[in-house]
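Trainee: Need the 3D shape of this:
(2 chains)
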Amino acid sequence: MPAVTISVSKLQNLFQEGDGTTIATPLGNTLLEIQGDLQFPSEPPSNDEDERFSEYEEENVVRFGVLSFDSEYKKATLYVGEKQRLLGSVVKLETPLGLLKFDHETNRVELEDVINYKVIFKERPLPIM
Amino acid sequence: MTTAILYSKLNYDSNYKLIQLTPEIFGALYAKKTLEFKATDPEQPVVLCSEDTTWILKQKNHSNTVLLMKEVGSHINSSTPNALIDKAQLCTHHLGFTKLDSELEPRLTEGQINFTSLPIYNGDKSEFLNNTKDRSLTYWSLENVKRCSPCSEREFNNKWHSIGGCVINGYACLLSHDFISRTLHIMLMSCMAENLALDEMEIDRTFEAVKKDIDDTDSNITFTKEMIATVIGKFCTPCGSTTWKLDEKLVSVWYGIIALKKFASSRMISEDEFMIKWKSQFPPYFSCNLDFSVLRGHFYRPLGSGVQYLSVSTLPNDVRDRFKHLFKLQSTWELEEIEPYIKGLNIKGLKIDSFVMKYARRRKQGKRTLVSSR
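Mentor: Prediction:
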C-alpha cells in the first residue's frame, strides 16, 4: 500500500441486477454456504475407487456433491458423497457482495463479480435413503 | 429443476476476498467512480475511499464454509454420480476455487490526513529548505501526503488548509501556530488598508495586498501565495468559485485562544478583564462580535468564576482519568463547558447526557445542567 485502486474493467455490464432468481451470476460464479465443514485431503489418495479425484487446468480437484435447484420454489438440495443430503434455499443477499481478487505481484485489486444471491444450507445433513 | 455437479479444488486460491457493496459503494461503482484502498502504512487499518467518501473496513470472520464456485462446463475428467442425476435434466459443472472465511464490512468514517510526520514551517524559509537535506525528516510532495492519508480526495482538500497545510518549494508542511497568527494578522490589516471586502476575498488580490504591505515595511518575513491560500482556507468559507467569505467566528476563536494563552495560562483572570484583553488582540479597526461561549473547550473556571486556559491536549487519554483530572481542576462544571473536553472519548457515539452519567454525576439546576464527580 499506501493506495491501491480497485479495477472494475471486467464488470461494465454487471451493475444492473439480473432478472429473476439465479444461483449463478452472469459471469458464472455461485456462492455456496454450508453451516459446517467440508473436509478434503490436500492430495488425491492412491486408492480413488470412486474416481472422485481428477485434474482441472493442472490442479487437483475433487467431486464432492450434486446440487439440485428448484428455481420456482427457491429450494436447493445438496447431495454430499453418497450418504448425506442437505436441504437448503436460495436467498437474496441483504447487501450485495463484491468479489475482489488481490494480485500481490502487480499490486492490483480487481472487482471480479457482484453477487446478489447465495445458496445456503443451514440444516444438519440427512441420510440418503 | 436444475442439477449441478460440484467440484472443489484441493488447494484453494487465497487471493480472493468478499466486500459488502453498500448502496453508496454500489452507486460509486455504477457511476464508474474510482475506488481505492488506502492505509497510512501496512500496519495501519485499511480504508476504502471514493472521490468524496471514506469507509473503514472491518473484517467480519465466520466459521461457515463459504465456497465460491465457477461454472466450468463439462471439462473435468471425472466420473459422474449417475444415481443422483436424472439424465433428462440440464446438468452443469461448478468448481469451488476459493473458500472465504470472512467478509469486509465497510463503515462510513471521517477521512483523516496523515500529518504526524510533516515538517513545521515557522516563517524561516532558509532554515526550512536547509532541513529538507536532512534525510531523517519526511519531506513529501502534496500528492504523496494524499496517497498516504486514509482520506478521500474531497475530504482531504476540505481539511488540508484547516489543519494549516501548505506547500513550500514543492514540500508539503504545516504552518506553525505562530506563523498562522502573524499571517492572519497581517492579512486582515492589509485587506482593510486596501479596502478589500472581507466577505468576498480573492487569493490573488489578498496576496497582492499583503505583498504590498510587506514590501512597504521592509520586513524579513516572506509570504507566498500558497501561504495566503492556506490562511484564507483556514479562516474563510468559499462563497464562489474563486471568492471566500471571512468566518468571523473562526477568527474570534483564534484570537481568543491567543488571549487565553497570553493572559490566562499561568493565572486565573476575571471574565470581564479577559474580554478587554481579547478585544485588544485584534488588528486595529477590525470589528467582530465577541461571544465568550465560542471559547468553550479552551478554558476552565478554577474557583467557579474567573477563567484559566486549558488545552485538551494536556489531558489524560483514559476516559476515567480525564474526568478525574477535570474534577480536580474544577469541582462542578456546566455540561456545555465540560462537553468539548470529553466528547473525543465518546467513541461509541452515546448521547452526551448518557456518556457523562457513566462517569460522573449530573443534576439539573433551573435551565443549567451541572456535572460533578460521583
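
Trainee: Wait, a helix at residue B:339?
Mentor: Yes - using DSSP: H, G, I helix; E, B strand; the rest coil, the assignment for residue B:339 is a helix.

Trainee: residues in contact with it?
Mentor: Residues near residue B:339 by CB atoms under 8 Å, 6 or more residues apart in numbering or on different chains: B:296-297, B:352. For the C-beta atoms, the positions are set from N, CA and C on the backbone; glycine is no exception.

Trainee: Got a ChimeraX select line for the buried ones in those residues?
Mentor: Restricted to buried positions by 16 or more other CB atoms under 10 Å in any protein chain shown, the ChimeraX selection for the contacts of residue B:339 reads:
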select /B:297,352
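
Trainee: mind listing which of the contacts of residue B:339 are in strands?
Mentor: Members of the contacts of residue B:339 lying in strands (criterion: DSSP state E): none.

Trainee: Report the contact partners of the most centrally placed residue in chain A.
Mentor: The C-alpha lying nearest the average C-alpha coordinate of chain A belongs to residue A:31 (CA atoms, centre = their mean; 3.6 Å). Residue A:31 sits next to A:97, A:115, A:117-119, B:66-69 when contact means CB under 8 Å, 6+ apart.

Trainee: okay if I get those as JSON lines plus distance to residue B:170 and secondary structure?
Mentor: Output for those, formatted as JSON lines (distance: CB to CB, whole Å; DSSP: H, G, I helix; E, B strand; the rest coil):
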{"residue": "A:97", "distance to residue B:170": "43", "secondary structure": "strand"}
{"residue": "A:115", "distance to residue B:170": "45", "secondary structure": "strand"}
{"residue": "A:117", "distance to residue B:170": "52", "secondary structure": "strand"}
{"residue": "A:118", "distance to residue B:170": "51", "secondary structure": "strand"}
{"residue": "A:119", "distance to residue B:170": "56", "secondary structure": "strand"}
{"residue": "B:66", "distance to residue B:170": "48", "secondary structure": "strand"}
{"residue": "B:67", "distance to residue B:170": "51", "secondary structure": "strand"}
{"residue": "B:68", "distance to residue B:170": "46", "secondary structure": "strand"}
{"residue": "B:69", "distance to residue B:170": "52", "secondary structure": "strand"}
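
Trainee: now the residues you listed as a markdown table including distance to residue B:328, neighbour count and pLDDT?
Mentor: Formatted as a markdown table, these follow (distance: CB to CB, whole Å; neighbours: other CB atoms under 10 Å in any protein chain shown; pLDDT from 0 to 100):
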| residue | distance to residue B:328 | neighbour count | pLDDT |
| --- | --- | --- | --- |
| A:97 | 51 | 23 | 94 |
| A:115 | 56 | 19 | 92 |
| A:117 | 59 | 21 | 92 |
| A:118 | 56 | 19 | 92 |
| A:119 | 61 | 23 | 93 |
| B:66 | 53 | 20 | 93 |
| B:67 | 59 | 24 | 93 |
| B:68 | 57 | 25 | 94 |
| B:69 | 63 | 24 | 93 |
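
Trainee: buried ones in the worst-scoring helix or strand of chain B on mean pLDDT?
Mentor: The helix or strand of chain B with the poorest confidence is helix B:125-131; it has a mean of 84 (mean pLDDT, DSSP states H and E). Buried residues in helix B:125-131, counted by 16+ other CB under 10 Å: B:128, B:131.

Trainee: try stretch B:24-31
Mentor: Quick answer for stretch B:24-31 (16+ other CB under 10 Å): B:25-26, B:28-29.

Trainee: Between all of those residues, which two are separated the most?
Mentor: The most widely separated members of the buried residues of stretch B:24-31, counting by CB to CB, are B:26 and B:28 (7.4 Å).

Trainee: beta partners for the residue nearest to the centre of chain A?
Mentor: residue B:68 (DSSP bridges).

Trainee: Work out the gap between the least confident helix or strand of chain B and the centre of the chain.
Mentor: 28 Å (CA atoms, centre = their mean, to the nearest Å).

Trainee: just checking, what packs against the helix or strand following it?
Mentor: Of the helices and strands lying after helix B:125-131 in sequence (DSSP states H and E), the nearest is helix B:142-147. Packing partners of helix B:142-147 (3 or more CB pairs under 8 Å, 6 or more residues apart in numbering or on different chains; DSSP states H and E): helix B:153-160, strand B:171-175.

Trainee: for the ones you listed, which one ends up most surrounded?
Mentor: strand B:171-175 (a mean of 23; mean count of other CB atoms under 10 Å in any protein chain shown).

Trainee: Packing partners of the helix or strand following that one?
Mentor: Using DSSP H and E, the next helix or strand after strand B:171-175 towards the C-terminus is helix B:177-193. Packed against helix B:177-193 by the contact rule (3+ CB pairs under 8 Å, 6+ apart) you find helix B:203-217, helix B:225-235, helix B:248-263.

Trainee: How about residues contacting the longest one?
Mentor: Contacts of helix B:248-263 from elsewhere in the structure, counted by CB under 8 Å, 6+ apart, are B:180-181, B:184, B:188, B:234-235, B:269, B:274, B:277-278, B:280-282, B:288-291, B:294-295, B:298-299, B:307, B:309.
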